[in-house]
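> Below is the sequence, then the predicted model.
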Amino acid sequence: MASMSSEEQQPDTTYFRPDRSHVIATVLMTGIALIGISWAPLALGWLLIFPIAFIVWVYKAHTRVDENGIAINYLYRKNVTIGWDSLQGIGFKGSKAVAATTDGKEYFLPGVTFNSLPKLEEASRGRIPDVLTEGLASLDGKMSVIDKDGHQVLMTQEEYAEHQRQKAGDSQDASQNSETTAINEDDAQSDNSAASTDSPKE
């Protein structure tokens, strides 16, 4: 994952690197694992390859963005350079950022995360839009309302106030209709009672 502290700025060039704070956790876990490995170093010593490989990857892998495009530096595979004309877009698979090209290929971007999108937009001179921030900005000042059918709707404060007024009006109309129905039923019962009283006795 990337953080602001792991991104290096140079003139017209921005680097995105994996968060190096993970190295501390890896070293601690390796230290704990050494306790078990020390009991059978010949059989378990090969397990140290994984933390060492991860630490090397953290310090070597990065994504560079400049006026020419995106340059991706991997550790165990060939490095890739994507020109702006060849870039179709940026997506995410889980927490991993992926660059899609016009020829249908996809490349993981080391060090680029959701939190990197504002910096990525700036580094690309707007070629890669920060859709996450734009989406959050569109929700600013809105509230979530769930109707009686369980549907969730986003409303501004003005729309919510109007919704409450309409809801209050509907409740008042329903109450008036209920009172009118009750009065009509009472009138009908009175008419039936009067008709029963006026009927001739045999």
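Okay, I see it.
> P118 belongs to a strand?
No. Checked against DSSP: H, G, I helix; E, B strand; the rest coil, P118 lies outside a strand; its state is helix.
> Which stretches in this protein count as strands?
7-10, 13-16, 62-66, 69-73, 80-83, 87-93, 96-101, 106-108, 142-146, 152-156 (DSSP state E).
> could those be laid out in TSV, adding mean neighbour count?
All C-beta atoms are positioned from the backbone trio N, CA, C, and that covers glycine. Converted to TSV, those look like this (neighbours: other Cβ atoms under 10 Å):
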stretch	mean neighbour count
strand 7-10	13
strand 13-16	19
strand 62-66	22
strand 69-73	20
strand 80-83	16
strand 87-93	14
strand 96-101	18
strand 106-108	15
strand 142-146	12
strand 152-156	12
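> which one of the ones you listed has the lowest average pLDDT?
When the strands of the chain are ranked by mean pLDDT, strand 7-10 comes last with a mean of 49.
> do you know how far H62 is from Y15?
According to Cβ to Cβ, to the nearest Å, H62 and Y15 sit 5 Å apart.
> Same check on R125?
16 Å.
> that older thread, intersection of neighbour lists for H62 and Y15?
Jointly contacting H62 and Y15 under the rule Cβ atoms under 8 Å, 6 or more residues apart in numbering are G111.
> which residues does G69 contact?
T81, I82, G83, W84, S86, L87 are the contacts of G69 under Cβ under 8 Å, 6+ apart.
> ok, the first one touching A71?
Yes. With contact defined as Cβ atoms under 8 Å, T81 and A71 form a contacting pair (4.8 Å).
> Least confident secondary structure element in this protein?
Ranked by mean pLDDT, DSSP states H and E, the weakest helix or strand in the chain is strand 7-10, scoring a mean of 49.
> For E122, grab the count of nearby residues.
E122: 14 surrounding residues under other Cβ atoms under 10 Å.
> Would you mind measuring from it to E67?
Where E67 is concerned, E122 sits at a distance of 13 Å (Cβ to Cβ).
> what does E121 give?
Taking Cβ to Cβ, one finds E121 at 15 Å from E67.
> Compare those two and say which is more crowded by neighbours.
E121 (19 against 11).
> In contact with the more buried one, which residues?
Contacts of E121 (Cβ under 8 Å, 6+ apart): I128, P129, D130.
> Equivalent analysis for L120, please.
Counting by Cβ under 8 Å, 6+ apart, L120 has contacts T14, F16, V65, I90, V112, I128, D130.
> Much appreciated, bye for now.
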